[in-house]
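Visitor: okay, here's the prediction I keep looking at, along with the sequence it came from:
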Amino acid sequence: MATKTTERPEVDRKARMKLPFEDVPARPVTERVADYEPTFLPLTAEQARQAAERCIHCPDPAACYVACPLNNDIPSAMWLIEEGDFLGAADLYLQTSSMPEICGRVCPHEALCQGSCVRFKRGEPVTTGALEAFVMDYMRLNGDYRIPTAPDTGKRVAVVGSGPSGLACAEQLVRNGHQVTIFEALPTPGGLLMYGIPNFKLSKEVVQYRLDLLEQAGVEFVTNTRIGPERTIEDLRKEGFDAIYVGVGTLVDAKMDAPGAELPGVYQATEFLIRANVPEEMLPPGLKGRPEIGSQVVVIGGGDTASDCLRTSLRMGAEEVTCLYRRTEEEMPGGKKDRQLAREEGAKYRFLTQPVRFIPGADGRLSAVECLQCELGEPDDSGRRRPVPIQGSNFTVPATTAILALGYWPDPTIGETTPGLATRKYGLIEANPETGETSLPGVFAGGDAVSGPDLVVTAVRGGRRAAASIRRYLAGEPVAV
């Protein structure tokens, strides 16, 4: 059951149901495609109050609370915002989330808290995500928040990976007085948040704010250090770390087995997004320089990464940007809001289309993608209807650049270099989903490295759960509760 952290009076739900809906304002299309600045305009205090007043304060447990993987007390936050207590609302989110300023921007709210809002049955839901981002921005710009820390326990914890899971675990551990060192393979910490999500969706300033908070609390960041190939988990044990958390994510691009996939002009999504969106000084060796994309870009895939690639290509000046997807829009895994934004900005979608060959031009670079038309067959293991190519339906799509956004696989390096660490399908780490315990005592894991590709918010949840287990482990208590 939800616990009311703020006293909320009885409200006139019928009257609130009549309050008008105002969508979160976005910058004009012509303006936002010309730069990489955030898509949405910040809410004013009055807009935030009016949006929060639309909450009808359902009986506990409210549907939005249940739908949130972190069980944020959203109704109480809405009441505090309505009352103008923005810092109080921010404090409330920080009780259950390790990065609400980020989740408020990148969570698929339409599929979680916002999508579960009972107002959805008769119109538009409460814009919970935008309000979460608003109060956290208010705190960042007007408050003086510091992560509270306990006296030093003398215990040292190594966190491998500085994505959302690793950062969440570190935030919880440093609160408990443990010394935390985060190891990151890339030149700058932040993982997916800094390198994988474009600035127009998640400002790097916001990510840096979270990193600064952790550093102020005593977390040490060691960058350009990939644990596994040379410095192993066992090495970290020998260096005196009392516990280890593995949150390396799943950032290995799924490959496409098709002739011509190695041609110049064919990019994996991760390389493309890093080189196109990350400041030059933050780029790792081997990924320097902006991609050359030409005038006609195709993006292959249907998830959020595909939307990010479409919108980035438009900002890079491509004249035609098309998404090729082998099923229909109904089966697409990515967020509807991102597709709507991509369409507004000029992207086109071509469904039931299966690329089968990349065709070079006279200069040896990509010039076209050969495709087959598809039809939908029976559902596959994912529950979506299987795309069935229609033989003889070949056609070509002109393209100077093709970006493969086909999903991600786990990096098997940690499993391959850590004797006794149990792994499963594709190299995912075997770990208790509730405690993060692995097959090795004192080694915990969570986030996408355990679950496979998932959401930022579920990675945060995994990191927080593992941190609670690590705290008990270091105290000599039973890990399971």
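Guide: Right, received. Where do you want to start?
Visitor: span of stretch 48-56 from start to end?
Guide: Using Cα to Cα, to the nearest Å, the end-to-end distance of stretch 48-56 comes to 15 Å.
Visitor: state the mean pLDDT of that stretch.
Guide: Stretch 48-56 comes out with an average pLDDT of 97.
Visitor: how about low-confidence regions in the protein?
Guide: Confidence mapping of the chain against pLDDT under 70 gives the ranges 1-7.
Visitor: care to break it down by domain?
Guide: Using automatic domain parsing, the domain parsing of the chain gives 13-142, 156-250+410-474, 255-406.
Visitor: okay if I get those domains as a markdown table plus mean neighbour count?
Guide: The way it works is simple: take the backbone N, C-alpha and C, and place the C-beta from them, glycine included. Output for the domains of the chain, formatted as a markdown table (neighbours: other Cβ atoms under 10 Å):
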| stretch | mean neighbour count |
| --- | --- |
| domain 13-142 | 19 |
| domain 156-250+410-474 | 21 |
| domain 255-406 | 18 |
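Visitor: which stretches in the stretch 351-481 of the chain count as strands?
Guide: Here the stretch 351-481 of the chain has its strands, by DSSP state E, counting those that start in this stretch, at 353-360, 366-379, 385-389, 395-398, 401-404, 408-409, 443-445.
Visitor: same list (the domains of the chain) but as CSV, adding distance to residue 150.
Guide: Supplementary listing: the domains of the chain in CSV, determined by distance: least, Cβ to Cβ, whole Å:
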stretch, distance to residue 150
domain 13-142, 16
domain 156-250+410-474, 4
domain 255-406, 33
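Visitor: which of those sits closest to residue 480?
Guide: Closest of the domains of the chain to residue 480 is domain 156-250+410-474, at 5.8 Å (criterion: Cβ to Cβ).
Visitor: beta partners of the closest residue to residue 397 other than its chain neighbours?
Guide: Distance criterion Cβ to Cβ, 6 or more residues apart in numbering; nearest residue to residue 397, sequence neighbours excluded, is residue 369 at 4.9 Å. Per DSSP bridges, the residues bridged to residue 369 are residue 358, residue 397.
Visitor: where along the stretch 51-200 of the chain do the strands fall?
Guide: 156-160, 179-183.
Visitor: would you turn the ones you listed into TSV with distance to residue 331?
Guide: Shown next, in TSV, are the strands of the stretch 51-200 of the chain (distance: least, Cβ to Cβ, whole Å):
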stretch	distance to residue 331
strand 156-160	35
strand 179-183	37
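Visitor: which one, of the ones you listed, ends up nearest to residue 423?
Guide: Closest of the strands of the stretch 51-200 of the chain to residue 423 is strand 156-160, at 14.6 Å (criterion: Cβ to Cβ).
Visitor: so which residues make contact with the closest one?
Guide: Here strand 156-160 makes contact (Cβ atoms under 8 Å, 6 or more residues apart in numbering) with 166, 169-170, 173, 178-183, 227, 233, 236, 239-248, 414, 470, 474.
Visitor: state the helix or strand in which the closest residue to residue 140 other than its chain neighbours lies.
Guide: Counting by Cβ to Cβ, 6+ apart, the nearest residue to residue 140 once its immediate chain neighbours are dropped is residue 209, at 5.5 Å. Counting by DSSP states H and E, the element that carries residue 209 is helix 204-216.
Visitor: same list (the strands of the stretch 351-481 of the chain) but as TSV, adding distance to residue 86.
Guide: Shown next, in TSV, are the strands of the stretch 351-481 of the chain (distance: least, Cβ to Cβ, whole Å):
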stretch	distance to residue 86
strand 353-360	47
strand 366-379	46
strand 385-389	46
strand 395-398	49
strand 401-404	39
strand 408-409	36
strand 443-445	35
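Visitor: before we move on, the earlier item: so which of the strands of the stretch 51-200 of the chain gets nearest residue 327?
Guide: Nearest of the strands of the stretch 51-200 of the chain (Cβ to Cβ): strand 156-160, 35.7 Å.
Visitor: partner strands of that closest one, with direction?
Guide: Strand pairing for strand 156-160, using DSSP bridges, gives strand 179-183 (parallel), strand 243-246 (parallel).
Visitor: could you dump the ones you listed into a markdown table with distance to residue 26 added?
Guide: Output for the strands paired with strand 156-160, formatted as a markdown table (distance: least, Cβ to Cβ, whole Å):
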| stretch | distance to residue 26 |
| --- | --- |
| strand 179-183 | 34 |
| strand 243-246 | 38 |
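Visitor: out of those, which is closest to residue 274?
Guide: Each of these has some distance to residue 274 by Cβ to Cβ; the shortest is strand 179-183, at 19.2 Å.
Visitor: between helix 204-216 and the closest one, find me the angle.
Guide: Following axes from the mean of the first three to the mean of the last three Cα atoms, to 10 degrees, one obtains 140 degrees for the angle between strand 179-183 and helix 204-216.
Visitor: relative to the whole chain's centre, how far out is strand 179-183?
Guide: How far strand 179-183 lies from its chain's middle: 22 Å, per Cα atoms, centre = their mean, to the nearest Å.
Visitor: do stretch 148-159 as well
Guide: 27 Å.
Visitor: how about stretch 60-67?
Guide: Offset of stretch 60-67 from its chain centre (Cα atoms, centre = their mean): 22 Å.
Visitor: one more: stretch 298-317?
Guide: 16 Å.
Visitor: next one: residue 386 from residue 354, what distance?
Guide: Going from residue 386 to residue 354 by Cβ to Cβ, to the nearest Å gives 11 Å.
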